[in-house]
Structures are given as C-alpha cells and as structure tokens.
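Enquirer: Take a look and give me a structure for this.
(one chain, ligands or ions: 1)
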Amino acid sequence: MAQTTLDNITKVFTEDDGNEIVAVDGVSIDIDDGEFLVLVGPSGCGKSTTLRMIAGLESISSGDIRLGDRVINDVPAKNRDIAMVFQSYALYPHMTVRENMSFGLEESTDMADDEIARRVEETAEMMGIADLLDRKPGELSGGQQQRVALGRAIVRDPSVFLMDEPLSNLDAKLRAEMRTELQRLQEELDTTTVYVTHDQTEAMTMGDRVAILDDGRLQQVGTPLECYHRPANRFVAGFVGEPSMNFVETTLRDEPGGAVLEADSFDYPIADEIAAELPESSNPVLGIRPEDIEISEGAPSGEHEIAATIDVIEPMGDENIVYLQFGDDSSVRGKSIIATIDGMRRFESGQTVTVHVPESAIHLFDGASGEALH
Ligand code: ATP
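Expert: Below you'll find the predicted structure:
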C-alpha cells in the first residue's frame, strides 16, 4: 500500500485546427494511503481528465504520477492495480452479473477459478446483489447496475479506486443512500479512493479531503471544514456552501474612529487587527455566509448592525432563505444579500429589519486577485 502522488501534472489537448486546450494545469496533490479524496469543481474544470490520467486512460503532457516511489506515467492502465467506476457503469450487456464481476480477475490475474468464484460471491454478498448474479445488466434497475459496477471494482481488491460521478444517474433518494453506503464501504475496505463529482454537497459530505479545481488549476486541497472556514480564495468561498457566500465590494477607509469597509449601501467597521491584514487603500471584497447573518426586528443599535428590507422569503421547511436589500433608496436595487434563518421564524416581504453580521464571521478577499486576506 502506498501514497499516490500527482506531481505538477498537466494535460494539453490539441484540437484538429491546432488549437491547444490546457485541460489540467500543473496540479500537485499527495493522496494518502486509504484516504477518500474528492476532486470537485464546475463542469469542464479538468476533473475527469485528472482521473483518467491517474487511471492510465489518458497520457500525461508533463509532470509525474507516482504510486509510492514508482513513477507510473508509462505503465499501461491494466498494470496499474487501479479500478475505475464510471458514471455510465460500463457493464458488458451480454454477460451476467457474475461474468461481469469475474471477467477482470480472469483476464489480468492467474487466480484459480474457484478462488475467483469465491471472491465474486463474497463481494456480491457485501454489495447486496447475491441474488442477481445470474441476471444480465438489462434486467437490472439503475441502482442495481450501480452496485454491480462497484462490486466489479471491489472484487479486484486494487490499491486505488477511481470513481467518476458514479452516483449521478441515480434518483435523489438512492443517491443519498449510496453516498452513505460508499463511505461505509470505503472505511471498511480502507482502499485509497479518488472520487470525482461536480456536486459540492457530495464533496463536502463524503471526502476526508476535497481538492477543488477551476479551469484546470487546483484552487485548494483540504478537509471539507478547512475549505468551508478558511477558503483560499473567492472561488473556493463561493463554491463551497449552499446557498453561496455573499460577496460585497468595498473600499477600505481610515476614519477617526477606526477602519471602515465602505460598501455602496452600508459601512462596516473592522477591528484594527483585521485592517492591518489588508493592503492600504485597497478594495477588499467582503464575504458573508448566509448562515452567519442574524436578522431581528427593530432598529439597529449596535456595531455591525445594519438596517435592511426583506425583499423575498423562500420557505424551505427547516429554514427560510431571505433576500435582503440595504440602503434607503429603493429605486437603486442592488444585488440582494442572502441570509438563511430558522424555518420557524416569521418575517414578511417588505418588512424593515436589523441585520447583524458578527465580525468573527466575515471573510475578506483581494478585490483583484481574489486571494483570501482574512
Ligand atoms: P464535466 O464535469 O463536465 O465532466 P470535467 O471537470 O470532468 O467536466 P474534463 O472532462 O476533464 O472536465 O475537461 C476539461 C477540459 O478539457 C474541457 O475544456 C474539455 O472540453 C477539454 N477536453 C476534455 N477531453 C478532451 C479531448 N479529448 N480533446 C479536447 N479537449 C478535451
């Protein structure tokens, strides 16, 4: 068992007209033995290409992939001791479940037939598909096919599992069930797993760590809580969390009473220690998570309290999503700020309220580069 290392890997595709696409741009990640790492990012950010390079299904333009100390760039896919699970399941339609599961072991190992049969039975039992072994994929539901695809990967007992959006063809309820089951299985098997998804909720709930990609570049790798509480930049801050973090453009001003962030429709005083982290006369972007905003009735009386008007309320059951407008001039409607509050609390649209944004909850990003400043 060993660490899997991506060392500055890059993939450049050349299109027919000679145009070059940098799909993956200098990505470096050390994946620990037994770790569940989720690669996440918006469509086209290079997740699948990264996974396919680890699998050996795509060549690497530059950089190294290592399993332990061994560089595996040129090792053919079938010799990498890696099993991949695809979104499409990729089961052989003419083979039974049993044949689909045993095929890989028959082809790539010299394991005895009775040992293969024993392993297939055992894995099928673990995956709850033992009674489906003699059926063909066409006779199975989507969820059952998904289990077979996972079972086929597990039965090979590889060093690494690679999974490319394996749950995206399942309905919401089944997907939630399979998430939990996959996590349980991964813990039980303790096999290094790299899991690709574009769904930030899936990433945040499943991964030991998440690696967040945008436009081929690694933005941050860390535990879900690290990425949530200490996002490296504005992209990560906006990608992690639902509803997304609010961003407000500000100008830093030194006033007699202390430093203030001046936004279009409100001023937000900040402590000297925070101001000291910001470049002088800069334009930091203030980041506020919807769940950190407190709303109360009455007029503002304390620091970090701002008058606001409730624009729209969306009841979601356990919580309400509240769209807030700041400032007196209702003819100049800026982008609403979104807050989430307890579903039991009753406010009305048009109501004037006081919004409290605790200073301990704010994030600040460089207005130009987007890098986190605080
Ligand atoms: P999705 O979530 O939509 O599957 P992704 O994050 O997995 O996206 P990739 O499939 O890795 O993204 O694609 C990354 C970039 O590389 C995209 O711009 C894509 O168009 C491009 N790309 C991928 N494969 C090829 C190819 N074979 N030839 C040319 N460009 C490619």
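Enquirer: Could I get the full set of helices for the protein?
Expert: 47-55, 97-108, 113-127, 142-154, 172-189, 200-206, 224-229, 234-239, 272-276 (DSSP state H).
Enquirer: Could you count how many residues lie near the residue of the stretch 151-300 of the chain found nearest the ligand?
Expert: The nearest approach of the stretch 151-300 of the chain to the ligand comes at residue 198, 4.7 Å away (C-beta to the nearest ligand atom). No exception for glycine: its C-beta is placed from N, CA and C like everyone else's. Neighbours of residue 198 under the rule other C-beta atoms under 10 Å: 17.
Enquirer: before we move on, what about residue 74?
Expert: By other C-beta under 10 Å, neighbour count at residue 74 equals 8.
Enquirer: just the one 3 residues further on next, same as before
Expert: Neighbour count for residue 77, taken as other C-beta under 10 Å: 13.
Enquirer: So it sits against residue 54, correct?
Expert: No: Residue 77 lies out of contact with residue 54 (C-beta atoms under 8 Å); the separation is 9.9 Å.
Enquirer: Just the pLDDT for residue 334.
Expert: On pLDDT, residue 334 comes in at 68.
Enquirer: Give me the distance from stretch 72-86 to the chain's centre.
Expert: Here stretch 72-86 is found 24 Å from its chain centre; the criterion is C-alpha atoms, centre = their mean, to the nearest Å.
Enquirer: can you offset everything so residue one is 263?
Expert: Happy to do that; since the first residue is 263 now, the last one works out to stretch 334-348.
Enquirer: in it, what's buried?
Expert: By 16 or more other C-beta atoms under 10 Å, the buried positions in stretch 334-348 come out as 334, 342, 344-348.
Enquirer: what does stretch 321-337 give?
Expert: Neighbour-count burial for stretch 321-337, with 16+ other C-beta under 10 Å as criterion, is recorded at 322-323, 325, 327-329, 334.
Enquirer: how's this structure carved up into domains?
Expert: By the assignment in automatic domain parsing, the chain contains the domains 266-501, 508-627.
Enquirer: Quick check: which of those is buried the most?
Expert: domain 266-501 (a mean of 18; mean count of other C-beta atoms under 10 Å).
Enquirer: gap between it and the chain center?
Expert: 14 Å.
Enquirer: Could you check how far the nearest residue to residue 292 once chain neighbours are set aside is from the ligand?
Expert: Nearest non-adjacent residue to residue 292, counting by C-beta to C-beta, 6 or more residues apart in numbering: residue 267, 5.4 Å away. Shown here: residue 267 relative to the ligand, a distance of 20 Å by C-beta to the nearest ligand atom, to the nearest Å.
Enquirer: Residue 267 against residue 331, yeah?
Expert: No: using C-beta under 8 Å as the test, residue 267 is too far from residue 331 to be in contact (9.3 Å).
Enquirer: hmm, back to that, partner residues bridging the residue nearest to residue 292?
Expert: Taking DSSP bridges, one finds residue 292, residue 328 as the beta-bridge partners of residue 267.
Enquirer: Let me see the contact set for it.
Expert: By C-beta atoms under 8 Å, 6 or more residues apart in numbering, the contact set of residue 267 is 291-293, 326-328.
Enquirer: cutoff 10 Å now
Expert: Residues in contact with residue 267 (C-beta atoms under 10 Å, 6 or more residues apart in numbering) are 290-293, 326-331, 333-334.
Enquirer: Residue 474 - nearest residue in space that isn't next to it in sequence?
Expert: Per C-beta to C-beta, 6+ apart, closest to residue 474 is residue 481, 4.6 Å.
Enquirer: correction: residue 454
Expert: residue 422 (4.7 Å).
Enquirer: Contact partners for the one you found?
Expert: Residues near residue 422 by C-beta under 10 Å, 6+ apart: 263-264, 266, 293, 295, 316-317, 329, 342-346, 453-456.
Enquirer: what's the distance between residue 343 and residue 389?
Expert: 21 Å (C-beta to C-beta, to the nearest Å).
Enquirer: just residue 518 next, same as before
Expert: From residue 518 to residue 389 the distance is 68 Å (C-beta to C-beta).
Enquirer: Could you do residue 358 as well?
Expert: Distance, residue 358 to residue 389, by C-beta to C-beta: 15 Å.
Enquirer: can you check residue 498 too?
Expert: Separation of residue 498 from residue 389 (C-beta to C-beta): 35 Å.
Enquirer: and the stretch 363-512 of the chain, which of its residues are near the ligand?
Expert: Residues of the stretch 363-512 of the chain lying near the ligand by C-beta under 6 Å from any ligand atom: residue 460.
Enquirer: hang on, the earlier thing: in JSON lines: the contacts of residue 267, plus pLDDT and distance to residue 614.
Expert: Below are these laid out as JSON lines (pLDDT from 0 to 100; distance: C-beta to C-beta, whole Å):
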{"residue": "290", "pLDDT": "98", "distance to residue 614": "51"}
{"residue": "291", "pLDDT": "98", "distance to residue 614": "49"}
{"residue": "292", "pLDDT": "97", "distance to residue 614": "52"}
{"residue": "293", "pLDDT": "97", "distance to residue 614": "52"}
{"residue": "326", "pLDDT": "97", "distance to residue 614": "60"}
{"residue": "327", "pLDDT": "97", "distance to residue 614": "58"}
{"residue": "328", "pLDDT": "95", "distance to residue 614": "60"}
{"residue": "329", "pLDDT": "92", "distance to residue 614": "61"}
{"residue": "330", "pLDDT": "90", "distance to residue 614": "63"}
{"residue": "331", "pLDDT": "90", "distance to residue 614": "65"}
{"residue": "333", "pLDDT": "95", "distance to residue 614": "64"}
{"residue": "334", "pLDDT": "95", "distance to residue 614": "63"}
